[in-house]
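Chemist: sequence plus predicted model, see below.
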Amino acid sequence: MMTDPLDNIISHVSDITGVRLHELMSSRKQQGIVDAKQIYVYLAVETTSKSYIQIAKAISKDHTTVMHAYKKAKYKIDVDMRWLTKLRRTIKQMGLPLIV
């Protein structure tokens, strides 16, 4: 049985960022948790063919929340070196090709 790619991304993001699964699914707004959620959303959109609805459901969110997180993530790639470094570290540790 193949594992769900979203579960795989969530697991890796949680392990790499140190943000627990329940925190990824929470409504907490601490910067580290927000960063981890945005990294999950960015990788889910960019590396899977899953819909926003499916990506959102995996972390108990609404699809509009995921759409906003993806928009913010794309913006941060250009303006937030700290966040981009976290994203690149996550991509590398997951063994994915560097997409940013």
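Modeler: Perfect, I can see it now. Just so it is clear, the model here is predicted, and its values are computed rather than measured.

Chemist: hey, let's count contacts and neighbours off CA atoms from now on
Modeler: Will do.

Chemist: what's the burial count for the closest residue to residue 57 other than its chain neighbours?
Modeler: Nearest residue to residue 57 in three dimensions, chain neighbours excluded: residue 63, at 7.7 Å (C-alpha to C-alpha, 6 or more residues apart in numbering). By the measure other C-alpha atoms under 10 Å, the count of residues near residue 63 is 16.

Chemist: from residue 52, how far out is residue 63?
Modeler: As judged by C-alpha to C-alpha, to the nearest Å, residue 63 and residue 52 stand 5 Å apart.

Chemist: kindly report the same for residue 78.
Modeler: From residue 78 over to residue 52 (counting by C-alpha to C-alpha), the distance is 22 Å.

Chemist: more neighbours, these two?
Modeler: Comparing residue 78 with residue 52 by neighbour count (other C-alpha under 10 Å), the higher total belongs to residue 52, at 19 against 11.

Chemist: residues in contact with the more buried one?
Modeler: Neighbouring residues of residue 52 by C-alpha atoms under 8 Å, 6 or more residues apart in numbering: 45, 63, 64, 66, 67.

Chemist: thought the residue nearest to residue 57 was touching residue 53?
Modeler: Yes: if you go by C-alpha atoms under 8 Å, residue 63 and residue 53 touch, sitting 4.8 Å apart.

Chemist: what helix or strand is residue 87 on?
Modeler: Using DSSP states H and E, residue 87 sits in helix 81-94.
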